[in-house]
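Q: compute the structure for the input listed below.
(chains A and B)
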Amino acid sequence: MLTKPKLEENKQDSSTSKWKQRFNWLWSEYSVIIAFLIIFIAASIISPRFLDLNNQMNILMQVSIIGIISLGMTVVMLSGGIDLSVGSVLALVGVLTVIALNASGSIFVALLTACAVGVLAGMLNGLMVAKGKIASFIATLGMMAAARSIALYISSGGSISSEVAGFTSIANSELWIIDYPIIIFIVMTAMVYVLMHKTRFGRYVYALGSNEKAALLSAIPVDRVKIGVYTLAGLLVSVGAIIETSRLNSISSASSGMQYELDAIAAVIIGGTRMTGGRGKIIGTFFGVLILGILNNMMNLMNVSPHLQGFVKGLIIIVAVVFQKRE
Amino acid sequence: MSKPFLHMKKINKSFNGVSVLMNVSLEVEPGEIHALLGENGAGKSTLMNILGGVFRPDEGTILIHGKAVNLFNPKASQDHGIRFIHQELNVVPDLRVYENMFLGLELRNKLGIVKVEEMCRKTSDILMKLGVDIDPKEYVRNLDTSYKQLIEIAKALLHQSRLIIMDEPTTALAEHEVERLFSLMKSLKESGVSFIYISHKLNEIKQICDSYTVLRDGELVGTGQIQHETLENITTMMVGKTISEERIVHDNNFGKVVLEVRDLTCKGLFHSINFQVKRGEIVGFTGLSGDGRTELFETLFGYRKKYTGEIKVDAKNVQLNHPQMAVKSGIGLVPKNRKENAIIKDLSVMHNMTLSSIGNVEAYGFIRENREKGKFLHYKDLLNIKVHNPNITIDKLSGGNQQKVVIAKWLEVNTNILIFDNPTQGIDVGAKLEIYHHIVSLARQGKGIIILSSEAPEILKICHHIYVMFQGEIVANLNGHQATEDEIMGYATGSIKGGEKDAYQTKT
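A: Numbering: from 1, shown residues only, chains lettered A, B, ... in the order given. This next block holds a predicted model:
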């Protein structure tokens, strides 16, 4: 009889510590979602226009291209690499897509060209990293310069516009009130999520990013996985390029995709992926992209000088990393 | 009697409500080598981290020369003359010897320019005292592991440490390097320096230590002079039960030859290697570090691509230039240095376990979590792995349990040949024995087993045949029943030479 209350006390004790543990786990795993909620609530208090449905859709629309590219960047960074070439490759894909479109008159051929160019550029990155043993930073830096240069050369430094009606409808149509690019972004997120968490490719990428030698000694085809990672990133850049080109019905070889690599890397880092690979989440990147989108949107709503926007973004990236659980 | 140099009194420490140390006391006299013993997880590291200023005790006092001190950070601990030499050496490979010695405490002139020559001179002096001849301007990356350890000790002396804590210093050392370390420790002891020596190798303890303290599950279970105790007694204290030193080898019921290697050569690493392994046989490879055995079996596992010679698995020629091909041909490898080569520390226990055999838990190209969980539960019971949550990352487990997860990974791949490189590295006595029994039962199932180890007793304990390597060559082929430790050491150090003794060939 005497022992009974004591037992219950113990139970209570362990249940509170369990809650504490659970909270710690929640924070360490999902700090980016909590940060997103805080920023979202803050934004809706500061600006009444923020919560407007049109504005919300506007934010999603604006982040969709960077978002899709960031998905690929997440996979590359999880594998322990980085891809600096995404912005330039986007411009190159855009230019070649419009040329193919105008030459053939077929949207299907244009889409095929886009995917082929992105995949090829990505595969080349992968080959340089995996087979050539070149550091990803260097290999993709080279690709970044080369792809932009080819894009500029082909289009003589200017922009080229599509002459085929109907191409613009890819990015400028909507389902009910949701624009296609948003749908594509969300579908892509889901697909990459499944790829990373439910297939062996994803498992291998995490293993490779965490400990490459142990991954190789576990009989993982490390080189093939690496090539796959950069190829996937290239394919996602193609999707981004199609949306970008279709939205404006033209592509500028000089300015399209400029600094997209920085925005994508920022989103991945804010999303909690570790720079050295092996740890991170697709969902984290998704919310990292949204955080960047909300910040841009808020600064526009509040009439912050566009020249200052980079400063705020930089600050947020650093704050985000500081607040993330350090090891 | 004078006061002890160090007296840790009734130390208590808990992490997240779990007690790790309960009323633990420790006394170290000046000029004594004190063994700190216990299984993994007994609280040795925590106690030493408290002494090293890494953790603060919850309760208890630390006295140095009878005066209470507050070791609030590693610097404070060093200022009191305590130096912690970790298992993973803290030397910077890309700096020179003298730069490592003076790292953080560089001698500078008034302009802030470092005084290279003076530092070199002081480094040479100390190294001379230790009886080694290393150029102070040599890069540390070019030195042997034992010299790296020496540099750590030299560093401790340079900063006039009175107590040096050594955590498993001999795991990475070859036999003759261990000798060097021990003679060094003895001469330092003469000059009044004390040591706390942590190791799992009990015969080393007997050889070098004066007194001992045994911890078990965070409690002090025994302390005293080492000469009054037998190794069995100490082992019993550590594990709470007796462990036999007998051979645990099963009968020689071998099947067909499963692996045959002819004239395998890799330039600069090993040459003209010939041996064979039968089903059900356990073959041991031993030697000093740098004898080429690890490289030889990395080659057999397809990790090194350039080799000449023939490899036959089940009497079929195979070309091995990727670990995947080795696995396809039926060769598995549990590598040494678990942390670098075997575990993926960001992946969960379950994911580590299924990493090499994802095909077994897939359906239509997707990983099925319930199947994976099933595998996890199966191996958890089979190998007695102490883990409840399959989703915690593997680095949270103790060394023995990590090794069991790695073994489970290879059991699931189910290759006919399994190579174990240093399978019991950094594992406590109880788990060691469990792992030996699992290896023997694998052989009993008809697998060909190869064990690489630098510890002759380990090889003698479970192997049917023993190959001794010296400088990239097989110098002896001994029968596991008849071989002795002295014989093995003789071949391994190159002191017995001449024709290859071929007990195995003559027998068959």
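Q: from here on, contacts and neighbour counts on C-alpha atoms
A: Noted.
Q: strands of the stretch 101-250 of chain A, residue ranges please.
A: Along the stretch 101-250 of chain A, the segments classed as strands by DSSP state E, counting those that start in this stretch run A:159-161, A:174-175, A:178-179, A:250-252.
Q: what lines up beside the second one in the sheet?
A: This points to strand A:174-175. Note on strand A:174-175: by DSSP bridges, its sheet partners are strand A:178-179 (antiparallel).
Q: which residues does the partner strand contact?
A: For strand A:178-179, the surrounding residues in contact (C-alpha atoms under 8 Å, 6 or more residues apart in numbering or on different chains) are A:57, A:61, A:171-173.
Q: list just the nearest of those to residue B:247.
A: residue A:61 (71.0 Å; C-alpha to C-alpha).
Q: from chain A, how far out is residue B:68?
A: 33 Å (C-alpha to the nearest C-alpha, to the nearest Å).
Q: oops, could you answer that again for residue B:308 instead?
A: 21 Å.
Q: what count of nearby residues applies to that residue?
A: 14 (other C-alpha atoms under 10 Å in any protein chain shown).
Q: hmm, back to that, what is the nearest of the contacts of strand A:178-179 to residue B:101?
A: Nearest to residue B:101 among those, with distances taken as C-alpha to C-alpha, is residue A:61, at 58.3 Å.
Q: please name the nearest non-neighbouring residue to that closest one.
A: residue A:182 (5.7 Å; C-alpha to C-alpha, 6 or more residues apart in numbering or on different chains).
Q: swap in residue B:456?
A: Excluding its sequence neighbours, the residue lying closest to residue B:456 (C-alpha to C-alpha, 6+ apart) is residue B:485, at 6.0 Å.
Q: residue B:263 too?
A: residue B:272 (4.2 Å).
Q: what does residue A:223 give?
A: residue A:130 (5.1 Å).
Q: show me the contacts for the one you found.
A: A:223-224, A:226-227.
Q: out of those residues, who's the most crowded?
A: residue A:226 (27 neighbours).
Q: hang on, that residue packs against residue A:77?
A: No. With contact defined as C-alpha atoms under 8 Å, residue A:226 and residue A:77 do not form a contacting pair (11.0 Å).
Q: what residues does chain A put near chain B?
A: Where chain A comes near chain B, counting by C-alpha under 8 Å from any C-alpha of the partner chain, the residues are A:198-200, A:203-204, A:206-207, A:210-211, A:213-221, A:278-279.
Q: how about low-confidence regions in the stretch 1-150 of chain B?
A: Under the criterion pLDDT under 70, the flagged ranges of the stretch 1-150 of chain B are B:1-2, B:16-18, B:39-41, B:88.
Q: quick one: the helices in it, in order.
A: Taking DSSP state H, counting those that start in this stretch as the criterion, the stretch 1-150 of chain B contains helices spanning B:44-51, B:74-79, B:97-101, B:116-129, B:145-158.
Q: same check on the stretch 201-327 of chain A?
A: Listed from the start of the chain, the stretch 201-327 of chain A has helices (DSSP H, counting those that start in this stretch) covering A:212-217, A:222-248, A:260-270, A:282-301, A:306-323.
Q: turn those helices into TSV, columns for mean pLDDT.
A: Formatted as TSV, those follow (pLDDT from 0 to 100):
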stretch	mean pLDDT
helix A:212-217	93
helix A:222-248	95
helix A:260-270	91
helix A:282-301	91
helix A:306-323	81
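Q: distance to residue A:163 added to those, as TSV?
A: As requested, the helices of the stretch 201-327 of chain A are exported to TSV (distance: least, C-alpha to C-alpha, whole Å):
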stretch	distance to residue A:163
helix A:212-217	48
helix A:222-248	11
helix A:260-270	26
helix A:282-301	31
helix A:306-323	33
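Q: spell out which residues of the stretch 251-400 of chain B are next to chain A.
A: By C-alpha under 8 Å from any C-alpha, the part of the stretch 251-400 of chain B that sits against chain A consists of B:303, B:322-324, B:327, B:333, B:335, B:340-347, B:351, B:355-356, B:358, B:365-368.
Q: give me the subset of these lying in helices.
A: Among those, the members found in helices (DSSP state H) are B:323-324, B:327, B:340-341, B:351.
Q: what does the pLDDT read for residue 184?
A: All of this refers to chain A. In this prediction, residue A:184 carries a pLDDT score of 94.
Q: I was after chain B.
A: For residue B:184, pLDDT reads 82.
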